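Peer 1: Here's my sequence, what's the structure:
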Amino acid sequence: MSGDGDNGGGAHVQIGSITGGSQAFGAHGRAVSTNQTVVVSDPRQQHLLTQVRALRGELHQAAELTADDEALDAELGEVEREIGRAGHGDSGLLGRLRARLEQYGAAAATAASVTAVLQAIAQVTG
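Peer 2: Coordinates of the predicted model:
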């Protein structure tokens, strides 16, 4: 155990407080910890990344994802990772996402986000 005041930068648990980590409790507990730092220099790519994340967030608000929702989420995740890794979305990947979104039978709750992502892709790819 480390000395007083030295937690070594790891997780710290105190009754009523958790910092530096994720905890799950109960029979079906699930802990997820996501730390991302993405620096994207092109404002169009940053806008696309923001719209992709917003759409993914809306998809995950649904009570139950359909197979189409899950496929769309997988492609959105791939675009998100690509922009985070390379600073831009691959044109082939963006083309596939654009085609899926154009065919996607979006629910009313996600229609605005689908449109926003399509517009952001158009700004990036022309």
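Peer 1: Where does pLDDT dip in the protein?
Peer 2: Across the chain, the ranges flagged by pLDDT under 70 are 1-26, 29, 31-40, 105-110.
Peer 1: which residues of the chain fall in helices?
Peer 2: For the chain, the helices defined by DSSP state H cover 43-61, 67-86, 91-103, 108-125.
Peer 1: Turn these into a markdown table, including mean neighbour count and distance to residue 30.
Peer 2: For the C-beta atoms, the positions are set from N, CA and C on the backbone; glycine is no exception. A markdown table is the format used below for the helices of the chain (neighbours: other Cβ atoms under 10 Å; distance: least, Cβ to Cβ, whole Å):
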| stretch | mean neighbour count | distance to residue 30 |
| --- | --- | --- |
| helix 43-61 | 17 | 13 |
| helix 67-86 | 15 | 17 |
| helix 91-103 | 14 | 28 |
| helix 108-125 | 16 | 24 |
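Peer 1: Those helices: which one's closest to residue 27?
Peer 2: Each of the helices of the chain has some distance to residue 27 by Cβ to Cβ; the shortest is helix 43-61, at 22.5 Å.
Peer 1: can you tell me how far residue 42 sits from residue 99?
Peer 2: Distance, residue 42 to residue 99, by Cβ to Cβ, to the nearest Å: 23 Å.
Peer 1: Residue 51 too?
Peer 2: The value you get for residue 51 to residue 99, if Cβ to Cβ is used, is 17 Å.
Peer 1: Equivalent analysis for residue 125, please.
Peer 2: 12 Å.
Peer 1: Fine, thanks again, bye for now.
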